[in-house]
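1. Okay, here's the prediction I keep looking at, along with the sequence it came from:
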Amino acid sequence: MAVPRRAGLAVVPTRPPLHRPNAPTKAERDKRHDARRSAEQPWRHWYWSARWRRIAKKQLTEHPLCATCDKEGRIVPATVCDHIIPHRGDADLFWNGERQSLCATCHSRDKQAEERGGRARQAVGADGWPV
Ligand SMILES: [Zn+2]
């Protein structure tokens, strides 16, 4: 069988879409997902409060560089106000716990791995040695 080609590249055949008339739409699935998350983790709403936005803005204004990147010798603007000790829904830790500024890369990589119970990534300095 001849492989159809376009501009010299083989066109990879794709599976035709399935017909599932009763399946929930993406919007319905997303709504269910959000409802489940809100029920399981009501503290997520704290991030949307004016109080938290004020705290985060103050943190990023006073410490505009990523703390982790800074330790490793890189100058990277921070975009996330991070709880140094994971609050896990503890209101006192959430509002009053120690905070640091991180870039999105460091926040999602290091902190979330740590919170899942994994090991924190070892920071490496500009000389290549652990900090
Ligand atoms: Zn960083």
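-> Nice, I can see it. Model, not experiment: these values are computed from the prediction.
2. From now on I want contacts and neighbour counts done on CA atoms only, so please keep to that.
-> OK.
3. Next up, the contacts around the residue lying closest to L102 once chain neighbours are set aside.
-> Of all residues not flanking L102 in the chain, C66 sits nearest, at 4.1 Å (Cα to Cα, 6 or more residues apart in numbering). Applying Cα atoms under 8 Å, 6 or more residues apart in numbering to C66 gives the contacts 75-79, 101-103, 106.
4. and this structure, which residues reach the ion?
-> By Cα under 5 Å from the ion, the residues of the chain that approach the ion are 66, 69, 103, 106.
5. one more time with 8 Å
-> Proximity of the chain to the ion, by Cα under 8 Å from the ion, involves residues 66-70, 74, 76-78, 102-107.
6. taking those residues one by one, which sit in strands?
-> Counting by DSSP state E, the part of the residues of the chain next to the ion found in strands is L102.
7. Quickly check the residues of the chain next to the ion for the two that are furthest apart.
-> The span of these, defined through Cα to Cα, is set by R74 and H107 at 15.1 Å.
8. Between these two, which is the more surrounded one?
-> Using other Cα atoms under 10 Å, the more surrounded residue of R74 and H107 is H107, with 20 against 14.
9. what sits against that one?
-> By Cα under 8 Å, 6+ apart, the contact list for H107 reads 80, 82.
10. From A27, how far off is it?
-> Noted for H107: a distance of 28 Å to A27, by Cα to Cα, to the nearest Å.
11. show me where pLDDT drops low in the chain?
-> 1-9, 111-112, 114-125, 128, 130-131 (pLDDT under 70).
12. middle-most residue in it, spatially?
-> Nearest residue to the geometric centre of the chain (Cα atoms, centre = their mean): S108, 4.3 Å.
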